[in-house]
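J.: Model the structure of this input:
(one chain, ligands or ions: 1)
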Amino acid sequence: MAFKARKQMNRKLVIISVLILSFLVFVAVILTAVHKRILPKAALIKGKIAIVIDDWGYNLSNLKDAGEIKQPLTCAVLPNLNNSALVARKLNSFGFEIILHLPMEPKEKYRLEKNTITTTMDALRIRSILDQDLASVLFAKGISNHMGSRITENSRVSALIISEVKRRKLYFLDSFVTAKSVCSLLAAKMKVRFAKRDIFLDNRDDPAYIKAQIFKLRDLAKKKGQAIGIGHDRRNTLAVLKEVIPQMVKDGYKFVFVSEIAK
Ligand SMILES: [Zn+2]
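T.: Residues are numbered from 1 along each chain as shown. Below you'll find the predicted structure:
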């Protein structure tokens, strides 16, 4: 009897051991599969790229082309134009990030937009302009400068703008139209989320030039881990982006909104 009982016990032990072993093998197989799916993807990201498209709001001509870009775009919309609100709504419905493209005084003699921020304005005037502008560009997650070489070199006015950015819990993207911009220093001091343009993509409205600039941006993203390029609401710019972005994604670059880079 004792021998039989022991034999039965042994059989039970064998069955339990086999069950435990099978379970462990099963868990190992699942974990390996999960690893294979997750790890190489994360390791493969060669750099983050944020593409900003400036000067939306003048017309509706390129909305359809923008909608065909199936990757994150950050769209800087000018305020107070006939199409500002509509364009912001459309671009937002495509899943793009919207920012207010705030007109600021340049050193050059360009034609200025309505309510362009000038060096003579005080805090109250700037606050009321921002109230009005943000009401015409809904969904804005941040603010960038349209022109503004004179303003972004001016500490007093830049600090007023950046403190408004902070009060409204937005981020500031410096289009960096002058190397003497004081915005990055101010944003760091005032603890405001900040990002800066690395490369302008379309200073020439020429597809070959634009493509070369985008590849420069890609190489910079690989070197630095991330890079921000600014182009404009133009047919050629959007067409080249639509053409080259899918291959860059396949090559391991990740397209992100500026909010993912601003810190
Ligand atoms: Zn602009």
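J.: how far does the helix or strand hosting residue 217 sit from the chain's center?
T.: Under DSSP states H and E, the secondary-structure element containing residue 217 is helix 207-224. Computed by C-alpha atoms, centre = their mean, to the nearest Å, the chain-centroid distance of helix 207-224 equals 16 Å.
J.: Flag every buried residue along that helix.
T.: Of the residues in helix 207-224, those buried under the neighbour-count criterion (16 or more other C-beta atoms under 10 Å) are 210, 211, 213, 214, 217, 218, 220, 221, 222. Where C-beta positions appear, they are placed from N, C-alpha and C, glycine not excepted.
J.: next one: stretch 256-263
T.: Of the residues in stretch 256-263, those buried under the neighbour-count criterion (16+ other C-beta under 10 Å) are 256, 257, 258, 259, 260, 261, 262.
J.: tell me the contacts of the third one?
T.: Read it as residue 258. 50, 52, 74, 97, 99, 142, 171, 173, 195, 228 (C-beta atoms under 8 Å, 6 or more residues apart in numbering).
J.: And those, which is closest to residue 201?
T.: residue 52 (9.0 Å; C-beta to C-beta).
J.: Could you list which of the contacts of residue 258 belong to helices?
T.: Of these, none are assigned to helices by DSSP state H.
J.: Most neighbours among the residues you listed, please name it.
T.: Each of those was scored for neighbours by other C-beta atoms under 10 Å, and residue 173 scores highest at 31 neighbours.
J.: In this structure it contacts residue 259, no?
T.: No. Contact between residue 173 and residue 259 fails when scored by C-beta atoms under 8 Å: they sit 9.5 Å apart.
J.: element containing residue 110?
T.: Here residue 110 sits in a region with no helix or strand, counting by DSSP H and E.
J.: quick one: it and residue 119, what's the gap?
T.: If you measure residue 110 against residue 119 using C-beta to C-beta, to the nearest Å, the figure is 15 Å.
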